[in-house]
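**Student:** A predicted structure for the sequence below; I have some questions about it.
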Amino acid sequence: MALDVKTIIIVLVFATFTTGLGLLLMAKAFPNRKGLRIWGYSSFSMAAGWIINGALRGVIPDMVSIVLGNLLITGSLMVWTYLYFEFLELKTPKKSLVTLLSLMGLLLYYYYVYEPSIHHRIVVLSFVNGFVIVLIVAALFKKRSANPLIYNYNLATFFICGLAVFVRMFYYLYFFDPNGVSDNLDLIVNGTTYVVYFLSILMAPFGFLLLNDDSYIRNFEKAKETIRKLSIGIEQSPLSIMITDLKGGIEYINPTFTQITGYGFDEVEGKNPRILKTDHTSKDEFKQIWETILSGKMWKGTFLNKKKSGELYWESAILSPVKNESGEILSIIGIAQDITKQKNTEENLILAKDEAEKANQLKSQFLANMSHDIRTPMNAVLGFSEILKEKIGNNEEAEEYLDAIQRSGRTLVGLINDILDLAKIESGLLEIQKSNTNIIDIVTEMKHLFSLQLKEKSLVMEVKYPPNFPNVVLADELRIRQVFLNLIGNAIKFTEKGKISVQLESTYLSDKVVSLKFIIEDTGIGISEEDQQRVFLPFIQKYGQKQARYGGSGLGLSITRKLLELMDGQISIESELNKGSRFSITLEHVQVVKDSISATLKDSSDADKALVDSLSNFTLLLVEDIQENRMVVRGFLKNSGINIIEAENGRIALQKLKENQVDLILMDIQMPEINGIDASKLIKADESLKKIPLIFLTADAMQEDIEKYSSLSEGYLTKPVLKDHLLTTIRSYLVT
């Protein structure tokens, strides 16, 4: 009996091994190569299990042959189970299989150690193997409606195998006689079981091959269904889609392509997409695009193409190579979107931007011209009023009238300055120019500048700052002066009694970086909570403000806030009606140029020194086309003793310079024949004249004009000019 059974086992081993080898060889010709290879390797594993469990029984310890051999056999069955579940697209009960395999190992160990009965071990092995086969049969039964022929073949194979396993299990459970009485029956049962195993091993791979082929067919059908869906999507896509071969011949276009271009498939089949080409994209660019695609990369860009009708249109395109599994490029697909409307919108926006910039330039030019045309006569108005005030003596009524003229003139000039600044800020043309700035000197200047108004209203102006306040910082001196001018001017304007307080504070963030805070406080009429945000809007004043009494354009605080924002600063307000207002300014991260020194504010009387010294030894060439402005300069310099030569334009000025020895030139810019700029260039190009100091005295007061023309002169004065300022400037060049 043992010999016969072992012979059958050897045949089983041979059949199993041969089947596994055949599967590995056939794997190359079937779609699912991985599955066939796994089945082949598991067949080798089962053959090893038969060898250990049967052929080597008695050669190696029974525990090793029974447990290890049957673990290999059962494990192979489980691998087959996994593969079947995969091909049937069902969830594999992995946890159940692992648990069953572990339980079998434990039971075999138990029966070997504690109850060494071979028939108990066979029962356990048969039950576990039968259970695994039942799982396969149940899974196949669930899917038998898909392809009855293939699935019934597999059902029959594993059903017969499972039946043999369970017959063997029940035989050893109920009929086996350990005393050897039923040896012949034992031989029949075992022999029959092994024959069934043999047939199953031979039949199961063919069932698997059929299942594998069916799975491939089903996957192919799914792929066809996916392609069908994609085809519908491409056909109905709002994007233009075109497929070409590697030479550029058109193989496919979708309806959107026809809708956009006007070309049908019959008209473009086999042709090159260059039928849409215009001169917008050059041959070199097309060559670069083609090289990019053939290198396996995707290209994105825009084309200006031509329709069948000759109409031009823009499209945004993506050109991509289509590759097979080996990475070989098979064709090229182009996906494009008509962006003509978008392009037209962009072009319209660019045109609108250009028009807006031109409008801004025209506005700036208009404001510059307006500023020049107002400053020119205002120079005469303010100049003559200042000269007359010196001549009238003690006539209080006349002085009052002249003071009113000067205040009104300065207000008008201030309004022009504010409008120009606001226009430059809103157009983004105003730039912050940082330089070494002494804040304390600026506040001192403010106190001196407003001394007359403070005296007239009997107001006191206090200035406080700590000893460690930085002496010189890097900031825009002109704009900081403008901020103080606006805020202190407003404080004086709206305060009838009490005082104006200016407090300077500093917090050092490092040795050379400081945070500055300026507080301007008054005891004036105050601002309601409702008005505290409105006052920072342009041309807006507080409700109920009496224009006749306080005047103003409503631009000062608006410009102040915008200037501070440009300097990375902030302004805030605290106020209460009839009790006063408190404006707080902060400037963060200001660079310190020079640390604090012991400084004291100069009293206004210290700055009130005589500006007119004897200039009788000097000759001044005054180049000005407007007679009234020449009269103002002559009036300002009448008592200085300086010799004045007049010229109405640049041409006459050049002639006068040839005829006279001149120590200083005062030059207007906008003049007939030869203007001040051209005249200055000619003067500076002449070796005999270029050393004469030249000062522009002009109504061109725009910052860009000052920056542009300052290199042609030693000084730059803007109209209307104050007598003190004019005299101080002249003396700085003539009196050492």
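**Tutor:** Great, that's in hand.
**Student:** list the buried residues for stretch 469-486?
**Tutor:** Buried residues in stretch 469-486, counting neighbours by 16 or more other Cβ atoms under 10 Å, are found at 469-473, 475-477, 479-486. (C-beta placed from N, C-alpha, C; glycine too.)
**Student:** C-alpha coordinates for it, PDB please?
**Tutor:** Output of stretch 469-486 as PDB, limited to C-alpha atoms (Å, rounded to 0.1, in the frame of the first residue of the first chain):
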ATOM      1  CA  PHE A 469      15.900 112.100  20.200                       C
ATOM      2  CA  PRO A 470      18.100 111.500  17.100                       C
ATOM      3  CA  ASN A 471      19.600 114.600  15.500                       C
ATOM      4  CA  VAL A 472      19.700 113.400  11.900                       C
ATOM      5  CA  VAL A 473      17.700 110.600  10.300                       C
ATOM      6  CA  LEU A 474      17.300 109.300   6.800                       C
ATOM      7  CA  ALA A 475      13.900 110.600   5.600                       C
ATOM      8  CA  ASP A 476      12.100 112.800   3.000                       C
ATOM      9  CA  GLU A 477      12.800 116.200   4.400                       C
ATOM     10  CA  LEU A 478      10.400 118.000   2.000                       C
ATOM     11  CA  ARG A 479       7.500 115.700   2.800                       C
ATOM     12  CA  ILE A 480       8.000 115.700   6.500                       C
ATOM     13  CA  ARG A 481       8.100 119.500   6.400                       C
ATOM     14  CA  GLN A 482       4.900 119.500   4.400                       C
ATOM     15  CA  VAL A 483       3.200 117.200   7.000                       C
ATOM     16  CA  PHE A 484       4.200 119.500   9.900                       C
ATOM     17  CA  LEU A 485       3.200 122.500   7.800                       C
ATOM     18  CA  ASN A 486      -0.300 121.100   7.300                       C
END
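**Student:** for the stretch 501-650 of the chain, give me the ranges with low pLDDT.
**Tutor:** 538-554, 595-614 (pLDDT under 70).
**Student:** sorry, back to before: most widely separated two among the buried residues of stretch 469-486?
**Tutor:** Largest separation among the buried residues of stretch 469-486 by Cβ to Cβ: 471 and 486, giving 24.1 Å.
**Student:** who's in contact with the helix or strand where residue 695 lies?
**Tutor:** Using DSSP states H and E, residue 695 sits in strand 694-698. Contact with strand 694-698 is made by 624, 633, 664-670, 676, 680, 683-684, 705, 709, 712-719, 721, 726, 729-730, 733, as judged by Cβ atoms under 8 Å, 6 or more residues apart in numbering.
**Student:** residues touching residue 319, list them.
**Tutor:** So residue 319 contacts 289, 293, 298, 299, 300, 332, 333, 334 (Cβ under 8 Å, 6+ apart).
**Student:** run a quick neighbour tally on the fifth one.
**Tutor:** This means residue 300. When neighbours are counted by other Cβ atoms under 10 Å, residue 300 registers 10.
**Student:** check the protein for its longest strand and report it.
**Tutor:** strand 580-594 (DSSP state E).
**Student:** what packs against it?
**Tutor:** Applying 3 or more Cβ pairs under 8 Å, 6 or more residues apart in numbering; DSSP states H and E, one finds that strand 580-594 contacts strand 472-475, helix 477-493, strand 513-522, strand 569-576.
**Student:** what's the closest of these to residue 432?
**Tutor:** Per Cβ to Cβ, nearest to residue 432 of the helices and strands packed on strand 580-594: helix 477-493, 6.7 Å.
**Student:** so which residues of the stretch 251-400 of the chain form strands?
**Tutor:** Listed in chain order, the strands of the stretch 251-400 of the chain (DSSP state E, counting those that start in this stretch) span 299-306, 312-323, 329-338.
**Student:** helix or strand next in line after the worst-scoring helix or strand of the chain on mean pLDDT, which one?
**Tutor:** Least confident helix or strand of the chain, by mean pLDDT, DSSP states H and E, is helix 604-607 with a mean of 39. The first helix or strand that comes after helix 604-607 along the chain, using DSSP H and E, is strand 619-623.
**Student:** can you list the buried residues in that following strand?
**Tutor:** Buried residues in strand 619-623 (16+ other Cβ under 10 Å): 620, 621, 622, 623.
**Student:** and the residues you listed, which is closest to residue 110?
**Tutor:** residue 623 (123.4 Å).
**Student:** against residue 648, how distant is the closest one?
**Tutor:** Separation of residue 623 from residue 648 (Cβ to Cβ, to the nearest Å) stands at 8 Å.
**Student:** what touches both of the two?
**Tutor:** Taking Cβ under 8 Å, 6+ apart as the contact rule, residue 623 and residue 648 both touch residue 671.
**Student:** with adjacent residues omitted, what lies nearest to residue 616?
**Tutor:** Once flanking residues are discounted, residue 616 sits nearest to residue 641: 3.2 Å by Cβ to Cβ, 6 or more residues apart in numbering.
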